[in-house]
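1. Attaching a predicted model along with its sequence, questions to come.
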Amino acid sequence: MKPMEVHSRIFVAGHRGLAGSAIHRELERQGFSQILVRTRQELDLSDTRAVDAFYAEARPEIVFIAAAKVGGIYANDTQPADFLHQNLQIQGNLINGAWKAGVRKLLFLGSSCIYPKQAPQPMKEEHLLTGSLEPTNQWYAVAKIAGIKLCQAFRRQHGCDFISVMPTNLYGPGDNYDPKNSHVLPALIRRFHEAKLSQAPTVHCWGTGSPLREFLYSDDLARASVHLMQNYSQEEFINVGTGREISIRQLSETVARIVGYAGTIAWDPSKPDGSPRKLMDSSRLFALGWQPQVDFEEGIHIAHQDFIKRGL
(Lines give C-alpha, C1' and ligand atoms only; values in the text may rest on other atoms or scores of the structure.)
Protein backbone atom coordinates (compact mmCIF):
# COMPACT_ATOMS: atom_id res chain seq x y z
CA MET A 1 0.00 0.00 0.00
CA LYS A 2 1.22 3.50 -0.86
CA PRO A 3 1.74 5.88 2.10
CA MET A 4 -0.86 8.26 0.63
CA GLU A 5 -4.27 6.98 -0.49
CA VAL A 6 -6.88 9.14 -2.17
CA HIS A 7 -8.74 9.68 1.13
CA SER A 8 -5.66 10.13 3.35
CA ARG A 9 -5.80 13.20 5.62
CA ILE A 10 -2.91 15.35 4.31
CA PHE A 11 -1.71 18.54 6.02
CA VAL A 12 0.24 21.03 3.89
CA ALA A 13 1.99 23.46 6.25
CA GLY A 14 2.71 26.72 4.45
CA HIS A 15 0.10 26.21 1.72
CA ARG A 16 0.12 29.90 0.74
CA GLY A 17 3.84 30.04 0.01
CA LEU A 18 5.60 29.28 -3.25
CA ALA A 19 6.38 25.61 -2.52
CA GLY A 20 3.34 24.90 -0.37
CA SER A 21 0.83 26.29 -2.84
CA ALA A 22 2.38 24.18 -5.61
CA ILE A 23 2.17 21.03 -3.44
CA HIS A 24 -1.46 21.88 -2.65
CA ARG A 25 -2.23 22.24 -6.39
CA GLU A 26 -0.50 18.96 -7.23
CA LEU A 27 -2.37 17.02 -4.54
CA GLU A 28 -5.66 18.40 -5.86
CA ARG A 29 -4.63 17.56 -9.42
CA GLN A 30 -3.94 13.97 -8.40
CA GLY A 31 -7.35 13.66 -6.77
CA PHE A 32 -6.49 13.64 -3.05
CA SER A 33 -9.73 14.63 -1.35
CA GLN A 34 -8.82 15.45 2.26
CA ILE A 35 -6.17 18.20 2.13
CA LEU A 36 -5.86 20.12 5.38
CA VAL A 37 -4.65 23.73 5.34
CA ARG A 38 -4.45 26.54 7.88
CA THR A 39 -3.57 30.20 7.34
CA ARG A 40 -1.09 31.98 9.61
CA GLN A 41 -4.04 33.69 11.31
CA GLU A 42 -5.72 30.34 11.95
CA LEU A 43 -2.62 28.54 13.24
CA ASP A 44 0.61 30.07 14.55
CA LEU A 45 3.19 27.41 13.76
CA SER A 46 5.66 28.95 16.24
CA ASP A 47 3.18 28.23 19.08
CA THR A 48 3.83 24.70 20.39
CA ARG A 49 0.49 24.37 22.16
CA ALA A 50 -1.44 25.59 19.11
CA VAL A 51 0.35 23.11 16.83
CA ASP A 52 -0.24 20.22 19.25
CA ALA A 53 -3.92 21.16 19.53
CA PHE A 54 -4.23 21.26 15.73
CA TYR A 55 -2.68 17.80 15.39
CA ALA A 56 -5.04 16.41 18.04
CA GLU A 57 -8.11 17.93 16.42
CA ALA A 58 -7.33 17.51 12.69
CA ARG A 59 -5.56 14.12 12.97
CA PRO A 60 -3.47 14.34 9.77
CA GLU A 61 -1.91 11.09 8.56
CA ILE A 62 0.52 12.77 6.15
CA VAL A 63 2.39 16.07 6.61
CA PHE A 64 4.26 18.23 4.08
CA ILE A 65 6.36 20.93 5.79
CA ALA A 66 6.68 23.82 3.34
CA ALA A 67 6.29 26.50 6.00
CA ALA A 68 9.34 28.67 6.70
CA LYS A 69 10.57 32.21 7.02
CA VAL A 70 12.35 32.77 3.68
CA GLY A 71 14.10 35.60 1.84
CA GLY A 72 17.04 36.62 -0.30
CA ILE A 73 20.57 37.77 0.56
CA TYR A 74 19.52 41.14 2.01
CA ALA A 75 16.80 39.68 4.24
CA ASN A 76 19.06 36.87 5.53
CA ASP A 77 21.95 39.23 6.19
CA THR A 78 19.90 41.83 8.08
CA GLN A 79 17.55 39.52 10.06
CA PRO A 80 19.79 36.67 11.25
CA ALA A 81 18.03 36.12 14.59
CA ASP A 82 14.60 35.99 12.95
CA PHE A 83 15.71 33.54 10.27
CA LEU A 84 17.33 31.16 12.76
CA HIS A 85 14.88 31.35 15.67
CA GLN A 86 11.59 31.39 13.75
CA ASN A 87 12.54 28.51 11.47
CA LEU A 88 13.75 26.40 14.39
CA GLN A 89 10.43 27.05 16.16
CA ILE A 90 8.22 26.26 13.16
CA GLN A 91 9.91 23.03 12.08
CA GLY A 92 10.51 21.84 15.64
CA ASN A 93 6.83 22.19 16.53
CA LEU A 94 5.66 20.50 13.33
CA ILE A 95 8.10 17.57 13.47
CA ASN A 96 7.83 16.86 17.20
CA GLY A 97 4.07 17.36 17.05
CA ALA A 98 3.79 14.90 14.17
CA TRP A 99 5.56 12.22 16.20
CA LYS A 100 3.33 12.81 19.24
CA ALA A 101 0.23 12.67 17.03
CA GLY A 102 1.26 9.45 15.29
CA VAL A 103 1.57 10.96 11.81
CA ARG A 104 2.29 8.13 9.34
CA LYS A 105 4.67 10.00 7.05
CA LEU A 106 6.22 13.47 6.94
CA LEU A 107 8.23 15.36 4.31
CA PHE A 108 10.46 18.27 5.35
CA LEU A 109 11.48 20.78 2.68
CA GLY A 110 14.97 22.21 3.07
CA SER A 111 17.11 24.36 0.78
CA SER A 112 20.28 24.07 -1.30
CA CYS A 113 21.90 26.68 0.98
CA ILE A 114 22.60 23.86 3.48
CA TYR A 115 25.70 22.98 1.47
CA PRO A 116 29.15 24.49 2.14
CA LYS A 117 30.02 27.63 0.17
CA GLN A 118 32.93 25.83 -1.49
CA ALA A 119 31.20 22.46 -1.88
CA PRO A 120 32.31 20.35 -4.87
CA GLN A 121 30.07 20.84 -7.89
CA PRO A 122 27.56 19.44 -8.54
CA MET A 123 26.61 19.12 -4.87
CA LYS A 124 25.89 15.60 -3.65
CA GLU A 125 23.95 14.76 -0.50
CA GLU A 126 27.13 13.51 1.20
CA HIS A 127 28.70 16.99 0.95
CA LEU A 128 26.58 18.24 3.86
CA LEU A 129 28.66 19.55 6.79
CA THR A 130 31.99 19.18 4.97
CA GLY A 131 32.85 22.90 5.01
CA SER A 132 31.83 26.43 6.00
CA LEU A 133 28.49 27.87 4.94
CA GLU A 134 27.90 30.97 2.81
CA PRO A 135 27.98 33.77 5.47
CA THR A 136 25.09 35.80 4.04
CA ASN A 137 22.49 33.06 4.58
CA GLN A 138 24.11 30.80 7.17
CA TRP A 139 21.34 31.43 9.73
CA TYR A 140 18.65 30.03 7.45
CA ALA A 141 20.99 27.21 6.42
CA VAL A 142 21.69 26.18 10.03
CA ALA A 143 17.94 26.03 10.72
CA LYS A 144 17.36 23.83 7.67
CA ILE A 145 20.24 21.53 8.63
CA ALA A 146 18.68 21.21 12.07
CA GLY A 147 15.39 20.22 10.41
CA ILE A 148 17.12 17.46 8.44
CA LYS A 149 18.83 16.16 11.56
CA LEU A 150 15.60 16.33 13.56
CA CYS A 151 13.83 14.14 11.00
CA GLN A 152 16.76 11.71 11.08
CA ALA A 153 16.75 11.70 14.90
CA PHE A 154 13.04 10.88 15.13
CA ARG A 155 13.57 8.19 12.52
CA ARG A 156 16.38 6.58 14.55
CA GLN A 157 14.86 6.95 18.01
CA HIS A 158 11.17 6.46 17.30
CA GLY A 159 11.02 4.74 13.90
CA CYS A 160 9.19 7.66 12.29
CA ASP A 161 8.91 7.65 8.50
CA PHE A 162 10.12 11.25 8.19
CA ILE A 163 12.01 12.21 5.02
CA SER A 164 13.80 15.41 3.93
CA VAL A 165 13.95 16.95 0.47
CA MET A 166 16.40 19.66 -0.64
CA PRO A 167 15.13 21.72 -3.59
CA THR A 168 17.31 24.05 -5.60
CA ASN A 169 16.25 27.70 -6.16
CA LEU A 170 12.50 27.81 -6.77
CA TYR A 171 10.36 30.14 -8.84
CA GLY A 172 6.77 30.19 -10.08
CA PRO A 173 3.23 31.38 -9.28
CA GLY A 174 2.73 32.70 -5.75
CA ASP A 175 6.34 33.82 -5.31
CA ASN A 176 7.47 36.65 -3.03
CA TYR A 177 8.24 39.77 -5.07
CA ASP A 178 9.08 42.10 -2.18
CA PRO A 179 11.87 44.51 -3.29
CA LYS A 180 14.01 43.78 -0.21
CA ASN A 181 13.08 40.25 0.88
CA SER A 182 12.67 38.28 -2.34
CA HIS A 183 15.01 35.81 -4.03
CA VAL A 184 16.91 36.69 -7.18
CA LEU A 185 14.52 35.54 -9.91
CA PRO A 186 11.30 37.14 -8.58
CA ALA A 187 13.31 40.24 -7.67
CA LEU A 188 14.49 40.51 -11.28
CA ILE A 189 10.96 40.02 -12.63
CA ARG A 190 9.72 42.90 -10.50
CA ARG A 191 12.69 45.14 -11.22
CA PHE A 192 12.54 44.74 -14.99
CA HIS A 193 8.75 44.99 -15.09
CA GLU A 194 8.79 48.27 -13.16
CA ALA A 195 11.68 49.57 -15.28
CA LYS A 196 9.69 48.79 -18.41
CA LEU A 197 6.64 50.67 -17.11
CA SER A 198 8.72 53.69 -16.05
CA GLN A 199 10.85 53.53 -19.22
CA ALA A 200 14.00 53.60 -17.07
CA PRO A 201 17.11 53.60 -19.28
CA THR A 202 19.13 51.39 -16.90
CA VAL A 203 18.49 48.67 -14.33
CA HIS A 204 21.14 48.24 -11.63
CA CYS A 205 21.85 44.69 -10.41
CA TRP A 206 23.91 43.48 -7.46
CA GLY A 207 27.32 41.88 -7.84
CA THR A 208 29.22 40.89 -10.96
CA GLY A 209 26.61 38.65 -12.56
CA SER A 210 29.09 35.77 -12.69
CA PRO A 211 27.66 33.32 -10.09
CA LEU A 212 25.96 30.26 -11.52
CA ARG A 213 22.54 29.19 -10.28
CA GLU A 214 20.06 26.39 -10.90
CA PHE A 215 16.31 27.08 -10.93
CA LEU A 216 13.33 24.75 -10.51
CA TYR A 217 9.71 25.60 -11.32
CA SER A 218 7.55 25.23 -8.21
CA ASP A 219 5.11 22.76 -9.76
CA ASP A 220 8.04 20.51 -10.70
CA LEU A 221 9.08 20.51 -7.04
CA ALA A 222 5.52 19.63 -6.09
CA ARG A 223 5.51 16.66 -8.46
CA ALA A 224 8.84 15.53 -7.01
CA SER A 225 7.58 15.91 -3.43
CA VAL A 226 4.47 13.80 -4.02
CA HIS A 227 6.53 11.24 -5.95
CA LEU A 228 9.02 10.97 -3.07
CA MET A 229 6.29 10.77 -0.46
CA GLN A 230 4.94 7.74 -2.33
CA ASN A 231 8.23 6.11 -3.34
CA TYR A 232 11.04 7.10 -0.94
CA SER A 233 11.67 6.13 2.66
CA GLN A 234 15.28 6.60 3.72
CA GLU A 235 17.15 8.56 6.36
CA GLU A 236 19.37 10.34 3.83
CA PHE A 237 17.82 13.53 2.48
CA ILE A 238 17.47 13.80 -1.30
CA ASN A 239 18.23 16.63 -3.75
CA VAL A 240 15.62 18.03 -6.14
CA GLY A 241 17.02 19.99 -9.07
CA THR A 242 17.15 20.13 -12.85
CA GLY A 243 20.86 19.50 -13.41
CA ARG A 244 21.07 22.73 -15.47
CA GLU A 245 22.56 26.09 -14.46
CA ILE A 246 22.71 29.67 -15.72
CA SER A 247 24.78 32.72 -14.74
CA ILE A 248 23.04 35.58 -12.95
CA ARG A 249 24.04 37.80 -15.87
CA GLN A 250 22.40 35.46 -18.39
CA LEU A 251 19.39 35.13 -16.09
CA SER A 252 18.99 38.91 -15.93
CA GLU A 253 19.18 39.23 -19.71
CA THR A 254 16.64 36.42 -20.11
CA VAL A 255 14.17 37.97 -17.65
CA ALA A 256 14.56 41.39 -19.28
CA ARG A 257 13.76 39.90 -22.69
CA ILE A 258 10.73 37.94 -21.47
CA VAL A 259 9.36 40.93 -19.54
CA GLY A 260 9.97 43.21 -22.52
CA TYR A 261 12.51 45.62 -21.00
CA ALA A 262 14.70 47.19 -23.66
CA GLY A 263 17.13 49.27 -21.57
CA THR A 264 20.62 48.42 -20.33
CA ILE A 265 21.77 46.43 -17.29
CA ALA A 266 24.50 47.86 -15.01
CA TRP A 267 26.33 45.68 -12.48
CA ASP A 268 27.50 46.83 -9.03
CA PRO A 269 30.53 44.70 -8.02
CA SER A 270 30.63 46.38 -4.58
CA LYS A 271 27.53 44.32 -3.65
CA PRO A 272 27.86 40.64 -2.64
CA ASP A 273 27.56 37.85 -5.19
CA GLY A 274 26.81 35.06 -2.72
CA SER A 275 28.08 31.56 -3.46
CA PRO A 276 30.02 31.33 -6.77
CA ARG A 277 28.16 28.23 -7.94
CA LYS A 278 25.26 26.12 -6.63
CA LEU A 279 24.40 23.14 -8.79
CA MET A 280 22.65 20.15 -7.26
CA ASP A 281 23.41 16.55 -8.13
CA SER A 282 19.88 15.13 -8.45
CA SER A 283 20.91 11.75 -9.86
CA ARG A 284 19.39 9.83 -6.93
CA LEU A 285 16.00 11.41 -7.63
CA PHE A 286 16.30 10.90 -11.39
CA ALA A 287 16.97 7.21 -10.72
CA LEU A 288 13.60 7.04 -8.94
CA GLY A 289 11.80 7.99 -12.15
CA TRP A 290 11.28 11.75 -11.80
CA GLN A 291 12.31 14.44 -14.29
CA PRO A 292 11.46 18.17 -14.44
CA GLN A 293 8.77 19.01 -16.98
CA VAL A 294 8.51 22.82 -17.22
CA ASP A 295 10.71 24.69 -19.71
CA PHE A 296 12.73 27.42 -17.96
CA GLU A 297 11.69 30.34 -20.16
CA GLU A 298 8.06 29.22 -20.19
CA GLY A 299 8.21 29.09 -16.38
CA ILE A 300 9.54 32.66 -16.20
CA HIS A 301 6.75 33.80 -18.54
CA ILE A 302 4.12 32.15 -16.28
CA ALA A 303 5.70 33.72 -13.19
CA HIS A 304 5.69 37.17 -14.86
CA GLN A 305 2.02 36.82 -15.78
CA ASP A 306 1.29 35.79 -12.17
CA PHE A 307 3.10 38.90 -10.93
CA ILE A 308 0.97 41.10 -13.24
CA LYS A 309 -2.26 39.34 -12.27
CA ARG A 310 -1.60 39.82 -8.57
CA GLY A 311 -1.18 43.56 -9.11
CA LEU A 312 2.04 43.79 -7.12
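-> Arrived safely, thanks for sending. Note that the structure is predicted; figures quoted are calculated from it, not measured. Residues are numbered from 1 along each chain as shown.

2. Could you say which helix or strand holds residue 91?
-> Residue 91 is part of helix 80-101 when elements are defined by DSSP states H and E.

3. Show me the strands in the chain, by range?
-> 9-13, 34-36, 62-65, 105-109, 162-167, 169-171, 202-206, 212-213, 215-217, 238-240, 246-247, 264-268, 277-278 (DSSP state E).

4. who wins for proximity to residue 287 among these?
-> Residue 287 sits nearest to strand 238-240 of all the strands of the chain, at 10.3 Å, using C-beta to C-beta. Every C-beta, even on glycine, is put in place using the N, C-alpha and C of the backbone.

5. So for that closest one, mean pLDDT?
-> Average pLDDT, strand 238-240: 98.

6. So, low pLDDT: which residues of this structure?
-> 312 (pLDDT under 70).

7. still on that earlier bit, let me have the strands of the chain in JSON lines, extended by distance to residue 55 and mean neighbour count.
-> JSON lines is the format used below for these (distance: least, C-beta to C-beta, whole Å; neighbours: other C-beta atoms under 10 Å):
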{"stretch": "strand 9-13", "distance to residue 55": "8", "mean neighbour count": "25"}
{"stretch": "strand 34-36", "distance to residue 55": "10", "mean neighbour count": "17"}
{"stretch": "strand 62-65", "distance to residue 55": "9", "mean neighbour count": "26"}
{"stretch": "strand 105-109", "distance to residue 55": "11", "mean neighbour count": "24"}
{"stretch": "strand 162-167", "distance to residue 55": "14", "mean neighbour count": "25"}
{"stretch": "strand 169-171", "distance to residue 55": "27", "mean neighbour count": "21"}
{"stretch": "strand 202-206", "distance to residue 55": "42", "mean neighbour count": "16"}
{"stretch": "strand 212-213", "distance to residue 55": "37", "mean neighbour count": "19"}
{"stretch": "strand 215-217", "distance to residue 55": "30", "mean neighbour count": "24"}
{"stretch": "strand 238-240", "distance to residue 55": "25", "mean neighbour count": "23"}
{"stretch": "strand 246-247", "distance to residue 55": "41", "mean neighbour count": "15"}
{"stretch": "strand 264-268", "distance to residue 55": "47", "mean neighbour count": "13"}
{"stretch": "strand 277-278", "distance to residue 55": "35", "mean neighbour count": "20"}
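
8. list the contacts for residue 122?
-> Neighbour list for residue 122: 243, 279-281 [criterion: C-beta atoms under 8 Å, 6 or more residues apart in numbering].

9. if we can go back for a sec, any chance of the strands of the chain in JSON lines, plus distance to residue 311?
-> Below are these laid out as JSON lines (distance: least, C-beta to C-beta, whole Å):
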{"stretch": "strand 9-13", "distance to residue 311": "25"}
{"stretch": "strand 34-36", "distance to residue 311": "27"}
{"stretch": "strand 62-65", "distance to residue 311": "29"}
{"stretch": "strand 105-109", "distance to residue 311": "28"}
{"stretch": "strand 162-167", "distance to residue 311": "28"}
{"stretch": "strand 169-171", "distance to residue 311": "19"}
{"stretch": "strand 202-206", "distance to residue 311": "21"}
{"stretch": "strand 212-213", "distance to residue 311": "28"}
{"stretch": "strand 215-217", "distance to residue 311": "22"}
{"stretch": "strand 238-240", "distance to residue 311": "31"}
{"stretch": "strand 246-247", "distance to residue 311": "29"}
{"stretch": "strand 264-268", "distance to residue 311": "26"}
{"stretch": "strand 277-278", "distance to residue 311": "32"}
